[in-house]
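>>> quick one, what's the 3D model for this:
(2 chains, ligands or ions: 2)
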Amino acid sequence: MPEKSITLEVFRYLPEQSDEPKYQKYDVPYREDWVVLDALNYIKDHIDGSLSYRWSCRMGVCGSCGMMVNGEPRLTCAAFLRDFYPQPIRVEPLTNFPVIRDLIINLEDFLHKLKEVKAWLIPKQEKPVSEGEYLQSPKELATYKQFSMCINCMLCYAACPVYGLEPKFLGPAAIALGQRYNLDSRDGGKEERTDIIASSEGIWECTFIGECSRVCPKHVDPAAAIQRAKVQSTQEWWMSLLLPKGAK
Amino acid sequence: MKTKEYVRPMPANWFMHNRHLQLFMLRELSAFFVAGYSVFLLVMLYKAGQGEQAFQQFFEGVMKSGLSIFLHLIALAFVVYHALTSFNAAPVIMDVRIGEDPIDPRLLIAAHYVMWVVVSVVILIVAL
Ligand code: SF4
Ligand code: FES
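Residues are numbered from 1 along each chain as shown, chains lettered A, B, ... in the order given. Ligands and ions are numbered 1, 2, ... in the order given. Here you go, the predicted model:
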């Protein structure tokens, strides 16, 4: 019996050859337990070594294998061929980002935004190592844990029409990660982050479409982080208006 | 060496890309009807302020027309859609917890529906 196969239509962009991308078809063996990334690796190893893409862990942890699979942003290491077979699968680089080559996007903008929101712990009070860890109760952990599950895969940026239309928008993951630290009981950097998070290019750019949360492979729910930050920021604004200066 | 990057512009009909985006646009559209009907309610209030006769005239002349009933039905559909989608979004916006665990999102949504019914009944009682 001839081996079953499945067709991948892959976005190819080779800037040294042409200014325009093209789609190239590859027939790869079909296996029940293969994911799209396995098929790409098969192409690279056996059919066309010139195909470029990013990946590392192959288990949904590193966040580097995000691509458009039939128009949806997916981790290709978690997108099974069997969900598409026998139809062909179209693989493209994540939308809303410039393409460097084939399936590789330029992620500078996202890295820059992570820096802007200061997505790291800014301790309330620096203490010497000899004083031990910064302790936290399970209840305090629960308030931000969900937002800390982000693997920086940028699927949410590819899904977000607001980011597509206004690239200055800070975007789902960066805001969720900013909130992850804002909500951390050990953190004291909220004020430093507020300027950027509560700016017009931050939470107020978001129109609550919700695509980010729908496509997020880690159930981070960035849309929730953003809407809750809006509520918080509004409350704080009213408080600052109603309460006399100095009171908090 | 840095090579030229390829930029893909957003298609003008991006909101047709999938069903979720289409429903989102429908919700955005529904906001016009919510705002429009609020203005209409203000006009009614203004007419009521002018006395019973003015209001009756307005009621008979404008409200009872076929066009008005048609527009009311469309506005009703959009306002209901707007309200339901708002209720369903409540668990995303509100982080309500008992101890460490967030409460069941369905409970939060149900609470909104209950409130809706209660408010509607109160309004009905007052109006009748
Ligand atoms: S929020 Fe979710 S979709 Fe966005 S980068 Fe993090 S893990 Fe990926
Ligand atoms: S290869 Fe690491 S997340 Fe897919």
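
>>> helices along chain B, start to end?
Remark: helices assigned in chain B by DSSP state H are B:19-49, B:52-58, B:66-93, B:105-127.

>>> for ligand 2, which of these is the nearest?
Closest approach to ligand 2 among those (CB to the nearest ligand atom): helix B:19-49, 23.3 Å. (Each C-beta comes from the backbone N, C-alpha and C, glycine too.)

>>> from memory B:Leu26 sits against B:Leu84, does it?
No: the criterion here is CB atoms under 8 Å, and B:Leu26 misses it with B:Leu84 at 11.7 Å.

>>> what's near enough to touch A:Lys127?
A:Tyr134 (CB atoms under 8 Å, 6 or more residues apart in numbering or on different chains).

>>> in a helix, that's where it is, yeah?
No: using DSSP: H, G, I helix; E, B strand; the rest coil, the secondary structure at A:Lys127 is coil, not a helix.

>>> what's the separation between it and A:Glu133?
Look at A:Lys127 and A:Glu133: by CB to CB, to the nearest Å, they are 10 Å apart.

>>> and if you look at B:Ile109?
Distance from B:Ile109 to A:Glu133, by CB to CB: 39 Å.

>>> these two: which is more packed in?
Neighbour comparison, B:Ile109 and A:Glu133: the larger count goes to B:Ile109, with 16 against 8 (by other CB atoms under 10 Å in any protein chain shown).

>>> residues contacting A:Tyr134?
Neighbours of A:Tyr134 in contact, by CB under 8 Å, 6+ apart: A:Pro123, A:Lys127, A:Arg186.

>>> please read the previous query as pertaining to A:Ala79.
Contacts of A:Ala79 (CB under 8 Å, 6+ apart): A:Val35, A:Val36, A:Leu37, A:Val69.

>>> which one of those residues is nearest chain B?
Chain B lies nearest to A:Val69 out of the contacts of A:Ala79, by CB to the nearest CB, at 13.2 Å.

>>> report the separation between the residue nearest to the spatial centre of chain B and B:Leu124.
Among the residues of chain B, the one closest to the centroid is B:His82, at 2.7 Å (CA atoms, centre = their mean). From B:His82 across to B:Leu124, the span is 21 Å (CB to CB).

>>> just A:Thr7 next, same as before
For A:Thr7, the distance to B:Leu124 - CB to CB - is 61 Å.

>>> need the residues of chain A near ligand 2, please.
A:Trp55, A:Ser56, A:Cys57, A:Arg58, A:Gly60, A:Val61, A:Cys62, A:Gly63, A:Ser64, A:Cys65, A:Leu75, A:Cys77 (CB under 6 Å from any ligand atom).

>>> tell me which of the residues you listed fall in helices.
Per DSSP H, the residues of chain A next to ligand 2 never map to helices.

>>> to which secondary structure element is A:Thr7 assigned?
Per DSSP states H and E, A:Thr7 falls inside strand A:5-12.

>>> only alpha carbons, please: show that strand as CSV.
Taking C-alpha atoms only, strand A:5-12 is exported to CSV below (Å, rounded to 0.1, in the frame of the first residue of the first chain):
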residue,chain,number,x,y,z
SER,A,5,0.8,11.8,2.3
ILE,A,6,-0.4,15.4,3.0
THR,A,7,0.4,18.6,1.2
LEU,A,8,1.9,21.7,2.9
GLU,A,9,1.7,25.0,1.1
VAL,A,10,4.5,27.0,2.6
PHE,A,11,5.1,30.7,2.4
ARG,A,12,8.5,31.3,0.9
